[in-house]
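>>> just a sequence and a predicted model for now, questions to come.
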Amino acid sequence: MGHLDHAAYGWLTPALSYVMASIGAALGLRCTVRALAATGSSRRNWLLTAASAIGTGIWTMHFVAMLGFDVTGTEIHYNVPLTILSLLVAMLVVGAGVFAVGYGKDRGRALVLGGLTTGLGVASMHYLGMAALRLHGEISYDPLTVGLSVAIAVVAATAALWAALNIKSPVAVAVASLVMGAAVSSMHYTGMMAVAVSVSPADAALPGATAMQFIFPLAVGLGSYLFITAAFVALSPTADERAASASARYLGDHAATAP
């Protein structure tokens, strides 16, 4: 059995991955709150932004954490198409959950459906990402721990969507995002505790790309996307601010035309 190190760089990768998960959750919650106060294409666009933010945050969290994953006796490479597929799965399935909440008429049913869909999507992203690993040996999983990680993903996703439906103030959203970030990180490391590797030393070159060749640049790019999106959301007026602005313009125009 190969010795597994889940934090080869100390606390750097776990802490940074937690930050990315929390930022993605915060953006997703804020965008969902904006969506629920909007109508038409504006609601759709906010939900799409929410899905991309949460999906990107979860994916970035996973692969930043994986930068610290090391197995004694073998290099680790990543299959590029599978890794990209895991990102698309994260966005698509999170999007399905967010849209279920955003457009569901029965909010209780939409919450259950959205939480289950999103949680299974998070778990699918994680294990697709693990399937992309290429190393000299065989990877196996403890089924009970895998099941626990999936359960954590579903509970975390349901809690996040509940927060989007019920929490409106920025401070409460920030607290909920920190909790969501902790839950997603817990799901990741619980899933990693299920992993065992039987190393078979070999001289043959591994297929795929190393983490620094592929994962690191992509994670930096997606992290930049999250920060740019955060600036966009922060600068975009809320529905209440737009209503207040429209009311002020109406009163100003009415006063200007009064005799």
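It's in. Numbers count the residues shown, from 1 in each chain.
>>> what residues are up against residue 80?
132, 208-209, 214 (C-beta atoms under 8 Å, 6 or more residues apart in numbering). For glycine as for every other residue, the C-beta is placed from the backbone atoms N, C-alpha and C.
>>> can you check residue 231 too?
Counting by C-beta under 8 Å, 6+ apart, there are no residues that residue 231 touches.
>>> tell me the SS of it?
helix (DSSP: H, G, I helix; E, B strand; the rest coil).
>>> and the gap between it and residue 225?
Distance from residue 231 to residue 225, counting by C-beta to C-beta, to the nearest Å: 11 Å.
>>> by contact count, what packs against whichever helix in the chain runs longest?
Taking DSSP state H as the criterion, the chain has its longest helix at helix 40-66. Packing partners of helix 40-66 (3 or more C-beta pairs under 8 Å, 6 or more residues apart in numbering; DSSP states H and E): helix 12-36, helix 80-103, helix 107-131, helix 170-193, helix 216-235.
>>> which regions of the stretch 101-250 of the chain sit below the pLDDT cut-off?
234-250 (pLDDT under 70).
>>> before we move on, what SS does residue 202 have?
coil.
>>> give me the number of residues near it?
Number of residues near residue 202 (other C-beta atoms under 10 Å) recorded here: 11.
>>> got phi/psi on the nearest residue to it once chain neighbours are set aside?
Leaving aside its sequence neighbours, residue 202 sits nearest to residue 136 (C-beta to C-beta, 6 or more residues apart in numbering; 4.7 Å). Note on residue 136: backbone dihedrals following degrees, to the nearest 10 are phi -80, psi 90.
>>> against residue 22, how distant is residue 136?
35 Å.
>>> same check, this time on residue 107
25 Å.
>>> now the helices and strands packed on helix 40-66 as TSV including distance to residue 144?
Shown next, in TSV, are the helices and strands packed on helix 40-66 (distance: least, C-beta to C-beta, whole Å):
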stretch	distance to residue 144
helix 12-36	23
helix 80-103	23
helix 107-131	14
helix 170-193	11
helix 216-235	30
